Every structure is written in C-alpha cells, then in structure tokens.
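Undergrad: Have a look at this prediction, sequence included:
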Amino acid sequence: MATNFHRLLAQELKSQNELSDDQKAAQKVVSIRRAMFSAQADMVNDECERISVLCPRRAGKTVGFAFKMVLTALEYQGARVAFVAITRGHAKQIVWDELKRQDAVYDLNCKFHETDLTMTPQTGQSSSWVAQRPPPTSRSIVVGSST
C-alpha cells in the first residue's frame with residue numbers, strides 16, 4: 001500500500017515538473033482564487049480600473065487588494081498594477097508585506113526591488129507592481145491596472 005502511494009506521489013510530482021510556465025501560472029491563479037472569501041472575490045472580480053473600498057477594520061481590504069494585484073499581473077501579460085496611497089511610505093506600510101507573504105504562500109517566485117517598491121513575477125510574465133504616491137489632491141487608496 002505504501003509503495004503504491006509513493007509511486008502515485010512520484011508520478012504527481014513528475015507531472016507537475018513537466019507543466020509549462022502558463023500551466024503553472026494558471027494553477028497559482030486557481031489556488032489564489034480559492035483562498036478568497038466571497039466579499040473579496042466580488043472586489044477582485046470587479047473589472048473597473050480604479051477601485052475604492054469602504055468597510056470596517058479587519059475586513060480583508062489589504063489582502064483583497066494584494067490578491068487583485070497578483071491576479072491581474074498573472075492573468076494579463078505586461079499589466080502594470082499600482083497601489084496608490086497618501087505617501088510612498090504609507091503604501092509600503094499597507095501592502096508591501098502582504099505582497100511578500102502572498103509571494104511566499106503561493107510560490108510565485110517574484111523579484112522584489114525594495115528601493116523602487118516594485119515586484120515582478122518570474123512566471124514568464126513581464127508584469128510589475130508599484131507602490132507610489134497619488135496626485136496631490138487624492139486622499140484615498142486606489143488600485144488601478146492597465147494592459
């Protein structure tokens with residue numbers, strides 16, 4: 001019985017190693033989508049270019065926005081996704097650690113550039129994420145994406 005289990009496990013690992021980069025990215029997208037709860041999924045699946053969310057503390061806003069940033073970059077080759085906050089430091093404080101956590105949890109193998117606050121996936125995509133300052137009149141957190 002144990003031998004059969006180990007044989008099946010070895011076959012599964014071998015088949016995972018034979019997947020193309022696109023297939024591996026698709027598997028990661030599926031696992032990220034499964035991790036969201038319904039309100040996060042509604043926000044992430046909204047196709048608007050700019051999103052603003054008003055909800056109480058501990059409602060999953062940061063995690064949801066990080067999910068949206070990661071999924072946009074994985075699903076749309078060449079997409080540039082920006083997280084905008086009042087200051088650059090505030091943007092880093094809000095979302096940077098969550099992006100790093102998701103990189104580790106979902107094995108995205110992203111390249112982080114601490115000075116520029118950019119995160120570029122290594123899955124064959126040429127996307128990047130940027131934490132930046134908003135225009136002087138803006139006072140909200142907005143995620144925008146364009147391809």
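TA: Received, thanks.
Undergrad: So which residue is smack in the middle of this structure?
TA: Closest residue to the average C-alpha location of the chain: Val70 at 1.8 Å, with Cα atoms, centre = their mean.
Undergrad: Find me the pLDDT at that residue, would you?
TA: Looking at Val70, its pLDDT is 88.
Undergrad: hang on, it packs against Lys100?
TA: No. Look at Val70 against Lys100 with Cβ atoms under 8 Å: they stay out of range, at 11.2 Å. C-beta: built from backbone N, CA, C; applies to glycine.
Undergrad: rewinding a little: element containing the residue nearest to the centre of the chain, please.
TA: Assigned by DSSP states H and E, Val70 belongs to helix 61-75.
Undergrad: buried sites along that helix?
TA: With burial defined by 16 or more other Cβ atoms under 10 Å, the residues of helix 61-75 counted as buried are 61, 63-74.
Undergrad: And stretch 23-36, by the same measure?
TA: Residues Lys24, Ala25, Lys28, Ile32, Met36 are the ones in stretch 23-36 that count as buried (16+ other Cβ under 10 Å).
Undergrad: Which ones among those residues lie within helices?
TA: Lys24, Ala25, Lys28, Ile32 (DSSP state H).
Undergrad: Kindly indicate which of these lies nearest Asn45.
TA: Nearest to Asn45 among those is Ile32, at 12.2 Å by Cβ to Cβ.
Undergrad: Thr118 pairs with what?
TA: For Thr118, the beta-bridge partners are His113, Val130 (DSSP bridges).
Undergrad: Tell me the pLDDT of it.
TA: Looking at Thr118, its pLDDT is 84.
Undergrad: picking up where we left off before, I'd like the buried residues of stretch 23-36 written out as a markdown table, with distance to Pro121 and pLDDT added.
TA: Formatted as a markdown table, the buried residues of stretch 23-36 follow (distance: Cβ to Cβ, whole Å; pLDDT from 0 to 100):
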| residue | distance to Pro121 | pLDDT |
| --- | --- | --- |
| Lys24 | 11 | 78 |
| Ala25 | 8 | 78 |
| Lys28 | 9 | 86 |
| Ile32 | 12 | 91 |
| Met36 | 19 | 91 |
